[in-house]
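Undergrad: build me a model:
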Amino acid sequence: QIAKLAQELKKKKIDVIYASPYKRTQETATAIARATGARVIVDERLSEIDLGTFNHKQMKESAAFYEKMSPQEYFTAAPEGGESRNDVRARVYAFLRQINEAHNGETIAVVSHGDPLWMLGAACAHATNEESKKLPYPKFAVAQDITLDNFPTDAQGMIDIHRPYTDTIALSCDACGKKMRRIPDIADVWFDSGAMPYASVSFPFTSKNKKATKPEAYPADFICEGIDQTRGWFYTLLATSVMLGNGAPYKNVISHGLVLDKNGQKMSKSKGNVVDPWSTIEKFGIDSIRWYFYTVNAPAEPKNFDDAQIAKVLRGLILTAYNSFVFLNTYGKQRLAIDEAPVSENVLDQWIVARVNKLAGDVQKNMDAYDALGAGQKIEAFVDDLSRWYIRRSRKRMQRWEDRTDYQIASATLAWSLLMCAKIIAPFMPFFAEALYQSLKKAYRFNAKDSVHLEEWPVAGRVDGALIEEMARVRALSSAALAQRAELAIKVRQPLQKVFFKDAGFKKYGAVLMPIIAEEVNVKEVVFGVEQEKDVVLDTTITPELKAEGLVREVTRMIQELRQQAGCVPRDTIAVMLEVEPETQALLEPRVNSWKKDVNAKLVEFVRGRKFDAETETKLDGYKAWAGIRKV
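TA: Numbering: from 1, shown residues only. Alright, predicted model coming up:
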């Protein structure tokens, strides 16, 4: 193999051979020298890697040392008393740069060992540790050409255009032919950075107005940098511009804090608490990470980065908004025009339209004030209102509608709200906003652009502040009543006769808002202004009629869950089979027609069937019960 190699290198017209001070490499160098006539020079820098305590031991022992290391550790770790692969890389690269200068115009052959030659190739390729791991390992007695460029590099061959490496760069002047090098002495780098408003546009040399004292785009609307730049860039920008008599070079400053680990510690590779951004993006999506940084705290505060918090963003905001679209896409009437908010007599529609208009105005005010945190918090509150209140209270209007006109208005209102939401969140979550916009574009009619990012910012329409305020009270009162139910261990599906509030009631919209409270709390009557010790009191007397209604709701919920288990879609009709106690059957049977439509059942039988697509064993009114369904 060596003889074959020597003949191959003879064609290369080798002038000089460098070899490591080992017997076998010198024998190889001598064989090549006989064939090529080149002279041999021994250089210690070409020695094999020093494995310290593993020297003169079996290779499997040193292999075990490196076996479970990351690519970073594989090149930076050194055995006790030995050197790391990056140490080898530095010495062989220094060797190569030195002999390259010493042998101008000559062809050089290097005879060394596996790791030194591997690291020499990595240094010449400017490869990172991760990239180096993928480079082919040198083969015995096989020649390999190495290209050495003249980029400025550090000791390990990584490109670095900072001093002192940039001092090696020489350019040729087209005008005079002389060599051009970096000016050795410059002003303080912060002064250089502070001149940015002028230097970035070559002011005053490119100014059209020769009498101008400052660039046309001056001052900047805002600048943004880390909090560590307060005494650096922020200050020098200000100081330089004031010295020139132009006043502040920026109108607004956004200073962001440092990103720490979840325990508030500075991230460091040595501590092992560094987060890989790409794996986090793959796991949660870039928009989740964007939103986390906007809303976790004020910009200047440090961010204790935690995957669990990113997961909350994904579940809380993005999936809530996504599920709102899924509900619309599943139950809503499509192909409706949604360029403008629908005109509706339903107070829920009027309220959500007012909320959207208020959101557009509020977010614009926040962003005009460079308050991304405030804008984000308002968007989160709106998405919660849309999903957990508007859709929740409008579900029956779209799932089991009886009035076609109301169904279409509810569908159009929800679609328009989501369209406006897509436009408002576009600067914050560009990818999710685009997906939502394109999905609405396929299902509804509006003056659509190619992208949501080509849309104008939504103009805030009329805002009914009284309705928004009173609906917020509706939610608060309903929550208090539901909390009272939970405290009394009375299921929400069990209707009650009355709820009494100490609250005085509503000034403007009471007549249309009280039915919403009654439906949410599941009571027949809502009474305000009652003198009582507690803010809310429930009438817990359950009459036989109320009990029967509660059973109907319980059965409806149970059948809906069986529909899901059976994989039913909304349009699928089913047959329902029930086996219950005679007393329970006596309460349910006369009311079958009141819940058949809710579960889209064509047939209800009080018998235990043999053929079913889904079944359940449960309890109704404290007694054992069986239910089964099959698609019809």
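Undergrad: following the longest helix that the chain contains, which helix or strand comes up?
TA: Counting by DSSP state H, the longest helix found in the chain is helix 465-488. Note on helix 465-488: by DSSP states H and E, the next helix or strand toward the C-terminus is strand 496-501.
Undergrad: so what does that next one touch, helix or strand wise?
TA: The contact analysis (3 or more C-beta pairs under 8 Å, 6 or more residues apart in numbering; DSSP states H and E) places strand 496-501 against helix 465-488, helix 510-521, strand 523-527, strand 536-538. Heads up, the C-betas are built off the backbone N, CA and C, glycines and all.
Undergrad: got the contact list for it?
TA: Applying C-beta atoms under 8 Å, 6 or more residues apart in numbering, the contact partners of strand 496-501 are 477, 481, 490, 517-518, 521-530, 532, 535-543, 546.
Undergrad: switch to 10 Å and redo it
TA: Contact with strand 496-501 is made by 477-478, 480-481, 484-485, 488, 490, 517-518, 521-532, 534-543, 545-546, 550, as judged by C-beta atoms under 10 Å, 6 or more residues apart in numbering.
Undergrad: and the closest residue in space to Ala480 that isn't next to it in sequence, what is it in contact with?
TA: Among residues not flanking Ala480 along the chain, Val536 sits closest, at 4.8 Å (C-beta to C-beta, 6 or more residues apart in numbering). By C-beta under 10 Å, 6+ apart, the contact list for Val536 reads 477-485, 499-503, 521, 530.
Undergrad: from the residues you listed, keep the buried residues only.
TA: Among the contacts of Val536, those scoring as buried are Leu477, Ser478, Ala480, Ala481, Gln484, Arg485, Val499, Phe500, Phe501, Val521, Val530 (criterion: 16 or more other C-beta atoms under 10 Å).
Undergrad: and which of those residues is nearest Glu340?
TA: Among those, Ser478 lies closest to Glu340 (C-beta to C-beta), at 30.5 Å.
Undergrad: test my guess that that closest one contacts Pro515.
TA: No - if you go by C-beta atoms under 10 Å, Ser478 and Pro515 don't touch, sitting 11.8 Å apart.
Undergrad: mind listing the shared neighbours of these two?
TA: Common contacts of Ser478 and Pro515, defined by C-beta under 10 Å, 6+ apart, comprise Val526.
Undergrad: flag every buried residue along the helix or strand hosting Ile310.
TA: Element membership for Ile310 (DSSP H and E) is helix 307-313. Within helix 307-313, the residues scored as buried using 16+ other C-beta under 10 Å are Ile310, Val313.
Undergrad: how would you label Lys602: helix, strand or coil?
TA: Put simply, Lys602 is strand when judged by DSSP: H, G, I helix; E, B strand; the rest coil.
Undergrad: start at 47 instead
TA: Got it, first residue is 47 now, which makes that one Lys648.
Undergrad: burial check on it, number of neighbours?
TA: Lys648: 10 surrounding residues under other C-beta atoms under 10 Å.
Undergrad: deepest of the helices and strands packed on strand 542-547, which one?
TA: Across the helices and strands packed on strand 542-547, the average number of neighbours (mean count of other C-beta atoms under 10 Å) peaks for strand 582-584, which reaches a mean of 19.
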